[in-house]
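J.: Okay, structure incoming, though there's no sequence with it:
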């Protein structure tokens, strides 16, 4: 329960919220989710459509967990995909199924996603997939400080539930965390997003077409907001393609520059993490 959090655990709780998000509950049962504001910028970017399309193309024919994650992520973000993107995705799925038919490991999944993309609607039993993120624009949310949240967490949780609003939590005047009702956001979304980003990058490296260029631009805009897991997988993928490409890379310099940006950011995150652990143990 939120009210039972000891003062000495507050810093640790904030670190968890920043790193991977945190579910909270008031004494009266109002549930909220506290997570880093950095999670939202890539999701709210219009370029997300390029990431979704590239991830779908990468996942077609794969006998892994990736098709399921990408399909569900696509359904959740259906409203963010314009008609042209949905049309292109459907064409790619149909071309793949026409070629491989029942040899594909998950034909039903792709047929289902194709129907959803064509109609622009999700059936009632799949409505939960569309639930996230139902977020107001950050600029329209009220700001409160970390201290104000710490002073009366229960009251704040009751308020966001009652008024169905999100709050931006500030630290030294800067946007830091978001607190919203639990019905708005599911923290599994963050892990799914990481997988989708890595899938899109793999597709972009192997196709190097116009869509790839849009993916690269998106990654360059948001790489500083990706978590350690996303970046470490991306660096390893880039390393493999640069050293042993499946198809000869047309623009190796583009991928080398992207890898260097990711490496630098990964080093920063690891340094911050180790310094944080030293402070915590000290």
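T.: Sure thing, it's come through. All of these numbers come straight from a predicted model, not from anything done at the bench.

J.: Which parts of the stretch 1-150 of the chain are helices?
T.: Ranges of helices in the stretch 1-150 of the chain, per DSSP state H, counting those that start in this stretch, are 10-20, 40-44, 48-59, 66-76, 83-100, 107-119, 146-151.

J.: for the stretch 1-150 of the chain, which spans come out with low pLDDT?
T.: 1-8, 122-136 (pLDDT under 70).

J.: Just give me the neighbour total for residue 252.
T.: Close neighbours of residue 252, defined as other CB atoms under 10 Å, add up to 12. Glycine gets a C-beta too; all of them are placed from N, C-alpha and C.

J.: contacting residues for it?
T.: Contacts for residue 252 (CB atoms under 8 Å, 6 or more residues apart in numbering) come out as residue 242.

J.: So for it, what's the pLDDT?
T.: Looking at residue 252, its pLDDT reads 94.

J.: now do the one 10 residues further on
T.: Residue 262 is assigned a predicted lDDT (pLDDT) of 98.

J.: what about it, how many residues close to it?
T.: Residue 262: 24 neighbours (other CB under 10 Å).

J.: Report all helices and strands that the helix or strand in which residue 176 is found contacts.
T.: Residue 176 belongs to strand 174-181 when assigned by DSSP states H and E. On a contact count with 3 or more CB pairs under 8 Å, 6 or more residues apart in numbering; DSSP states H and E, strand 174-181 meets helix 10-20, strand 31-36, helix 146-151, helix 153-163, strand 167-171.

J.: Give the next helix or strand downstream of it.
T.: Proceeding N to C from strand 174-181, the next assigned helix or strand is helix 188-207, under DSSP H and E.

J.: And the following helix or strand past that next one, what's buried?
T.: Counting by DSSP H and E, the next helix or strand C-terminal to helix 188-207 is helix 210-222. Using 16 or more other CB atoms under 10 Å as the burial criterion, the residues of helix 210-222 that qualify are 211-212, 214-216, 218-219, 222.

J.: Give the single residue among those residues positioned nearest to residue 253.
T.: Distance to residue 253, by CB to CB, is smallest for residue 216 among those, at 11.6 Å.

J.: Hmm, residue 204 and the closest one touching each other?
T.: Yes - counting by CB atoms under 8 Å, residue 216 sits close enough to residue 204 to count as a contact (6.3 Å).

J.: circling back to that earlier point, so which of the buried residues of helix 210-222 is the closest to residue 39?
T.: residue 222 (10.6 Å).

J.: got the contact list for the closest residue in space to the closest one that isn't next to it in sequence?
T.: Spatial nearest neighbour of residue 222, excluding adjacent residues (CB to CB, 6 or more residues apart in numbering): residue 42 at 4.2 Å. The neighbourhood of residue 42, defined by CB under 8 Å, 6+ apart, consists of 48, 193, 197, 218, 221-222, 225-226.

J.: Contacts only, for residue 177.
T.: Counted by CB under 8 Å, 6+ apart, residue 177 has contacts 14, 17-18, 34-37, 146, 168-169, 171.
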